[in-house]
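Novice: just to be clear, the model below is a prediction. Sequence and coordinates:
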Number of protein chains: 4
Amino acid sequence: MCRWLAYSGTPILLEELLYKPEHSLIDQSMHARLGVGTTNGDGFGVGWYTPNGAAEPTLFRGTGPAWGDENLRELAHSVRSGLFLAHIRASTGTPVQQTNCHPFRHGRWLWLHNGRIREYSKLKRTLAMSVDPELYPDIRGSTDSELMFYLALTYGLETDPVSAVEHMVGLIEEAGRRHGIENPVQMTVAMTDGERLWAFRYSTEHNSRSLYCSTAVDTLRTMYPDNPVLQQVSDETRIVVSEPLGGLVGAWQPVAESSYELVKPGVGVVGPFQPAPC
Amino acid sequence: MCRWLAYSGTPILLEELLYKPEHSLIDQSMHARLGVGTTNGDGFGVGWYTPNGAAEPTLFRGTGPAWGDENLRELAHSVRSGLFLAHIRASTGTPVQQTNCHPFRHGRWLWLHNGRIREYSKLKRTLAMSVDPELYPDIRGSTDSELMFYLALTYGLETDPVSAVEHMVGLIEEAGRRHGIENPVQMTVAMTDGERLWAFRYSTEHNSRSLYCSTAVDTLRTMYPDNPVLQQVSDETRIVVSEPLGGLVGAWQPVAESSYELVKPGVGVVGPFQPAPC
Amino acid sequence: MCRWLAYSGTPILLEELLYKPEHSLIDQSMHARLGVGTTNGDGFGVGWYTPNGAAEPTLFRGTGPAWGDENLRELAHSVRSGLFLAHIRASTGTPVQQTNCHPFRHGRWLWLHNGRIREYSKLKRTLAMSVDPELYPDIRGSTDSELMFYLALTYGLETDPVSAVEHMVGLIEEAGRRHGIENPVQMTVAMTDGERLWAFRYSTEHNSRSLYCSTAVDTLRTMYPDNPVLQQVSDETRIVVSEPLGGLVGAWQPVAESSYELVKPGVGVVGPFQPAPC
Amino acid sequence: MCRWLAYSGTPILLEELLYKPEHSLIDQSMHARLGVGTTNGDGFGVGWYTPNGAAEPTLFRGTGPAWGDENLRELAHSVRSGLFLAHIRASTGTPVQQTNCHPFRHGRWLWLHNGRIREYSKLKRTLAMSVDPELYPDIRGSTDSELMFYLALTYGLETDPVSAVEHMVGLIEEAGRRHGIENPVQMTVAMTDGERLWAFRYSTEHNSRSLYCSTAVDTLRTMYPDNPVLQQVSDETRIVVSEPLGGLVGAWQPVAESSYELVKPGVGVVGPFQPAPC
């Protein structure tokens, strides 16, 4: 079922969000509160961009439970980044293996997903065949999540990101209709190109997995004028999470159904998300 | 924290207890009800004796969560045994690695444990040094559980089993006293030599981890005269579990504090367990 | 690059071939002599049928090097079978993960492969699309080997086995021609339905990976009248191997280029293998 | 049997030594030339210090073969360090598990080892008991290598490094004599406190595992005036390796038997290594 978080802002050690908060991502790997189940022990992954580093993000993924991974703990204590995605997995049926851990990477893009394509095995072939033949060989795993990414890439993710994701969902819903599958799409998604970060919340049944975005930093500074962390981070710092990490009251705003949020330098964007016909 | 089960009786496929019951051991790896936590995802192990097979049991252990292990599922569907122990682990601090998965084996003996030696790192050296120097090199892992086994072997497990375990616990409690550790021993233990099966329930604080033994088969046949499974198994068939697997009402009896049960061909034994001074 | 063995005959412990011979499969995982490289440490797998057991074989696969897997050693010492396939893997590019370890299973069939489809990423999509849509969702990994299996199943493996494999190779060679790939197919393959065992040796370039079949048992008894093992095994016992396991001189016969061997109760068959157009 | 490398100097990406050279450490994991065997596939590890980072190094260790580890490749492409140790393992008998991968860490120190204590199981207990009781609980694995580290720490590694290692070896040789073990110690060792780097080459039989140190940079610049890399690295940059990584002729000098080299800011030290009685 999965839980995830995405961070964009002043560079911090990964552990600040993965380990330290009261309800950190690691805590959620064993005690998730707002998901389908409490356990997300079928692998994990982190993708991060380094300031002044390569355009392509670094990926670290493992198949064991996140709570027990010593290497993850070490890296989180050592890696500093201003833009990263982290994910803990609860498999919805596809194998537990590194190629099925999120985030997925393509060039400078990272993508992760919480949710599922309902009755995926019925749609898998037709969806796989809709992926651009040039991109098809780059698919390394067997999840619905990764396939959604490659469909979005096929529909022009790199040029018109939101539209591409809308078309991807539209394609899956259309395929679902043809196969008699009700409510095929359930998703929260995070994706980034290393500069901009999008978060999507949508499901065909309009009852989507939980998703929250941190309150704007300047607002939080007004609410908590003595909090030192808030003084250190940039105004544009935002965190998107499946479920709140704990911390300050009022620090988290739910992301609306059928919407997306775009976090980028300058002013962010919040907009409607509507699947498009293909 | 761990959960476990031990079976002695008419040979059955391992999956009959590991996978099939309503609250099977695999179910307990994610949803334990009577333990310290609900998750036991830090490895697992099974040891089984084959009828007409070698005196030494076969061991299969893995470091991932039991719920996701494909090989375990395969083996459970294929291996038939009349005497086996199975364990799912929640680490109390020592590393997650195959050599730290239970059961542990020495010659024809198997041993597993739920519980802990409190403040183990303070006692580890003195306890390790109390192991028979001839046996010491056979210790392959770093758990308190394995060390307890080797101390019991040191105290004559192979000749006077219950007494050996009583002396082992006595040694640890004495060491605990010297180091100012309150309530050092918390345990349920299963051990077997391939013919006889012992289960122990004891803690210094007299508030031990849960342990149940199946009701005698002839009693169950009286209660459930139409149940076909009960007709097929021998009168001596017994199952010992950390928590009931579900199933028939009245099928499980709690094992008393500070006691042990011995399951063997013929009549079993229930007796008091009292640590002995060393 | 891989090495493998297949056994059909009097039930034996798996370790008799996996571990005990001078140049056992485990030895070949580190010191192969007739393969592309000496190391086959990218995973392993064994599939076996139990006499009086289920029609479906049991599968045990791991991603670590075979030489170091404790569980494999344990199982090999414990499992007795009259029909089994074992494989050690050297990846030709696809990820090291359990779903990419051989043998692959479908119903009662097992399949393994040594070799490759040259420039596989160029052909992957077209070949995947040639798999029967009903079978497509059963593909769990990403190897060329598994895809070859599913193409053979698509072409009627279960009704006309040799012909199905010939059509599968014909399809791949035709696809290779369309994509300008020279010598697309390199293979030795073992497959079985639990009663009959086929071994194939073929490559488009007619320079195939090594493959040997054991000399007929009655011939070996004549050559080695005092050898006790030969007295114990049935006349029909045969072993097929990538490279000889050592042992008796004259015990191994190379399998000819572009041919197949069928081992079954009664008289076996040796025949030509010729790809068929699709 | 193992191979390793240690780097001290101008910060570089780890991949410059782990992956890029003609006979990189990764190449040595499958094709070592100067070791006991060619394969070092029983795990790996890297420990690195970050400029301006914490005093304690970061550790990344895995149990699979280094040649196939995707995470290692990712990190090597991303992590830049001016002081790091890397090791690939061929087990001499102790289990393959993360706690048995080198380097080992204690506080700000890292330690790795190629070689063995001969007949280690006979000496293990007596050596374990010679470790400072305060340090004993910090031992997490079961290798002779880690035990040597903790004995060196016991003998004052943090205050008089070379002397501590000499006493450690002296202790083991003395224990070997008492147990009738000939030539007990075989070692090359690298250790560092984050500022200074020591390499040792010694064996009781005076026939030690291979060890090389890079030629002084200013000498190399004279030999290769057009080489751009040599212009970019500091004069003090040194690499110590089990076997040369390839590259420039004359770039590697063997480390003498029974000696050590100290690399530090300013002038390094080369000195004799002589075990001390305990």
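Specialist: Done, it's in.

Novice: from A:Gly180, how far off is A:Asn207?
Specialist: 20 Å (CB to CB, to the nearest Å). Every C-beta, even on glycine, is put in place using the N, C-alpha and C of the backbone.

Novice: same check on A:Phe84?
Specialist: The spacing between A:Phe84 and A:Gly180, counted by CB to CB, is 40 Å.

Novice: for A:Arg108, same thing?
Specialist: Counting by CB to CB - A:Arg108 and A:Gly180 are separated by 39 Å.

Novice: show me which of these two is the more surrounded one.
Specialist: A:Arg108 (15 against 8; other CB atoms under 10 Å in any protein chain shown).

Novice: which residues touch the more buried one?
Specialist: For A:Arg108, the residues meeting the contact criterion (CB atoms under 8 Å, 6 or more residues apart in numbering or on different chains) are A:Ala55, A:Glu56, A:Pro57, A:Asp193, A:Gly194.

Novice: in a strand, the last one, correct?
Specialist: No: following the definition DSSP: H, G, I helix; E, B strand; the rest coil, A:Gly194 is coil and is not counted among the residues of a strand.

Novice: pLDDT score for it?
Specialist: pLDDT for A:Gly194: 96.

Novice: surely it touches A:Thr58?
Specialist: No: A:Gly194 lies out of contact with A:Thr58 (CB atoms under 8 Å); the separation is 11.2 Å.

Novice: buried only: go through the contacts of A:Arg108 for me.
Specialist: For the contacts of A:Arg108, a burial check counting by 16 or more other CB atoms under 10 Å in any protein chain shown picks out A:Glu56, A:Pro57, A:Asp193, A:Gly194.

Novice: helix, strand or coil for the first one?
Specialist: Secondary structure assignment for A:Glu56 (three-state DSSP): coil.

Novice: distance of the closest residue to it other than its chain neighbours relative to chain D?
Specialist: Excluding the flanking residues, the one nearest A:Glu56 by CB to CB, 6 or more residues apart in numbering or on different chains is A:Arg108, at 5.4 Å. The gap separating A:Arg108 from chain D is 14 Å, by CB to the nearest CB, to the nearest Å.

Novice: same check on A:Trp48?
Specialist: 9 Å.

Novice: what's the answer for A:Asn71, then?
Specialist: 5 Å.

Novice: A:Gly45 reaches A:Gln97, doesn't it?
Specialist: No: if you go by CB under 8 Å, A:Gly45 and A:Gln97 don't touch, sitting 11.8 Å apart.

Novice: so what's in contact with those two at the same time?
Specialist: Common neighbours of A:Gly45 and A:Gln97 (CB under 8 Å, 6+ apart) do not exist.

Novice: the longest strand seen in chain A pairs with which strands, and in what direction?
Specialist: Assignment by DSSP state E gives strand A:3-13 as the longest strand of chain A. The strands beside strand A:3-13 in its sheet (DSSP bridges) come out as strand A:80-88 (antiparallel), strand A:238-241 (antiparallel).

Novice: now do that strand, average pLDDT.
Specialist: 96.

Novice: which of the residues in it are buried?
Specialist: Neighbour-count burial for strand A:3-13, counted by 16+ other CB under 10 Å, picks out A:Arg3, A:Trp4, A:Leu5, A:Ala6, A:Tyr7, A:Ser8, A:Gly9, A:Pro11, A:Ile12, A:Leu13.

Novice: count the residues that sit near A:Leu112.
Specialist: Using other CB under 10 Å, A:Leu112 is surrounded by 27 other residues.

Novice: which SS state does the spatially most central residue of chain A fall under?
Specialist: Residue closest to the average C-alpha location in chain A (CA atoms, centre = their mean): A:Ala190, at 3.1 Å. Here A:Ala190 takes the strand state, with states given by three-state DSSP.

Novice: just list whatever residues bridge to it.
Specialist: A:Ala190 has these beta-bridge partners by DSSP bridges: A:Leu112, A:Ala199.
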